[in-house]
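>>> When you get a sec, could you give me coordinates for this:
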Amino acid sequence: MKVGIRLVSLLIAVMLLAVGCSSAKLSPQDALQQATAKTMGASSYAMTATVKINEFTMDDSLASSDELGIAAGVAAIIKDATINVKAVYEKDPARTDMNLEVVLPGFMNMKLDMPIIVADEKIYFKLPQIPMLPIPQEAADKFILLDAKELAKQEGVEVPELDMAAQQKFAQDLTNATLKHFDEKTYFTQPKASEAGLPEGVKADQVVKFAITEANYEQTISTVIDKVLPEVMDLIANNEAYLEIFEVEKADVEDAKQKLTESKEEIRTFFKDNLKVKQLDHTGAIKGGNLVYQETTMSVEVTEPEASDKMSLGMTVAMNYSDIGQTPKFESEIPTDVISFEEFLQLMEF
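This next block holds a predicted model:
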């Protein structure tokens, strides 16, 4: 398959996941879109998230290949893994504090905790002790400071400005350009809050569910190829800020759109034959006009075109939002007793 077709196919796959993790139009679509925009645009919020790897398997022939041998080892480690995130976000001045916890039952039942603070375009993080990669005493229990701009300056390269406003606007435009093409009766439902399986303590005025199933998967592929993707490409090509986000030229996007037009049937067949969606749904809980909870469950099976070998991935992502628009409660001050990332690398002898 041509490289251009593979790139377009990859973009379609990402689009499908974005659909499952997005919200969009005061029908179910409208309610979910507006609630998501309101929460994501809030001046501050607290968030807890859990990512659970439910399934990650591959055929033995794939696991033994040079290309996927490492992936097989990773699969054994992260199967049944859980990632927990607890975060507090403030828009202005921009700051996010989070604690990342990774639980690996398949790897000596290991649990790793890493606090991270992002503020003033700097990242502070504290690495956990790992048996196979011990942290030097000089760096133990200290925050490591990663200043991307300073590192780039030392290397003599430029770091593109991070335009958060443009990225937030693109996320909203992407949602609008995507979900408006999906038939509401086919993809959207409104389960009762008491029947939606919400976690204990989550109260909702309205619950909206978006689902891609085996029954509507072929329709989904056609919708994405024929309607969504061309519009998204035009959206990027005709907006200078979006071109800068993706670091592409308008001509590149137009060329990709032309390749899509020429290869629609080949791409459609590739996804019908090689990507099986067993489950891909997204549930959003709305309270007081805000998105207070969202959960996405995905289960897919990918078939290697030439050898018919299969790889399966299943995961669940759940996010709970609270203290929306309230004064953020940061538990820590910005670290001052830090070591630079360069010093850390020297201590580790990298």
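>>> What are the buried residues along the host helix or strand of E295?
Of the helices and strands defined by DSSP states H and E, E295 is found in strand 290-303. By neighbour count, and taking 16 or more other Cβ atoms under 10 Å as the criterion, the buried residues in strand 290-303 are 290-302. (Each C-beta comes from the backbone N, C-alpha and C, glycine too.)
>>> how distant is that strand from the center of its chain?
Going by Cα atoms, centre = their mean, to the nearest Å, the spacing between the C-alpha centre of strand 290-303 and its chain's C-alpha centre is 10 Å.
>>> All the strands of the stretch 251-350 of the chain, residue numbers only.
For the stretch 251-350 of the chain, the strands defined by DSSP state E, counting those that start in this stretch occupy 275-287, 290-303, 310-322, 338-340.
>>> follow-up on the earlier one: any chance you could give me the strand holding E295 in PDB, C-alpha atoms only?
Presented in PDB, the C-alpha positions along strand 290-303 are these (Å, rounded to 0.1, in the frame of the first residue of the first chain):
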ATOM      1  CA  ASN A 290     -21.000  21.200  32.900                       C
ATOM      2  CA  LEU A 291     -19.500  17.900  31.900                       C
ATOM      3  CA  VAL A 292     -18.800  16.300  35.300                       C
ATOM      4  CA  TYR A 293     -17.900  12.800  34.100                       C
ATOM      5  CA  GLN A 294     -17.000  11.000  30.900                       C
ATOM      6  CA  GLU A 295     -16.100   7.400  30.200                       C
ATOM      7  CA  THR A 296     -14.800   5.900  26.900                       C
ATOM      8  CA  THR A 297     -14.600   2.100  26.400                       C
ATOM      9  CA  MET A 298     -12.800   0.700  23.400                       C
ATOM     10  CA  SER A 299     -12.100  -2.800  22.100                       C
ATOM     11  CA  VAL A 300     -10.600  -3.300  18.700                       C
ATOM     12  CA  GLU A 301      -8.900  -6.100  16.700                       C
ATOM     13  CA  VAL A 302      -6.300  -5.200  14.100                       C
ATOM     14  CA  THR A 303      -5.400  -7.800  11.400                       C
END
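>>> Sketch out the strands for the stretch 101-250 of the chain, chain order is fine.
Counting by DSSP E, counting those that start in this stretch, the segments of the stretch 101-250 of the chain that form strands are 110-119, 122-125, 143-146, 188-189, 206-212.
>>> okay, those in JSON lines with mean pLDDT, distance to T283 and mean neighbour count next?
Compiled in JSON lines, the strands of the stretch 101-250 of the chain are given as follows (pLDDT from 0 to 100; distance: least, Cβ to Cβ, whole Å; neighbours: other Cβ atoms under 10 Å):
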{"stretch": "strand 110-119", "mean pLDDT": "91", "distance to T283": "28", "mean neighbour count": "16"}
{"stretch": "strand 122-125", "mean pLDDT": "91", "distance to T283": "32", "mean neighbour count": "18"}
{"stretch": "strand 143-146", "mean pLDDT": "92", "distance to T283": "35", "mean neighbour count": "20"}
{"stretch": "strand 188-189", "mean pLDDT": "91", "distance to T283": "10", "mean neighbour count": "18"}
{"stretch": "strand 206-212", "mean pLDDT": "93", "distance to T283": "5", "mean neighbour count": "22"}
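>>> Any idea which of the ones you listed gets closest to K38?
Distances from K38 to each of the strands of the stretch 101-250 of the chain were compared using Cβ to Cβ; the minimum, 13.2 Å, belongs to strand 206-212.
>>> pLDDT weak spots in the stretch 151-300 of the chain?
With pLDDT under 70 as the threshold, the stretch 151-300 of the chain has low-confidence stretches at 151-165, 168.
>>> Try it again at 90.
151-185, 194-195, 197, 213-215, 241, 244-247, 270-279 (pLDDT under 90).
>>> Could you measure from the closest residue to F210 other than its chain neighbours over to T36?
Distance criterion Cβ to Cβ, 6 or more residues apart in numbering; nearest residue to F210, sequence neighbours excluded, is H282 at 4.7 Å. When Cβ to Cβ, to the nearest Å is the yardstick, H282 and T36 sit 10 Å from each other.
>>> Same check on E244?
24 Å.
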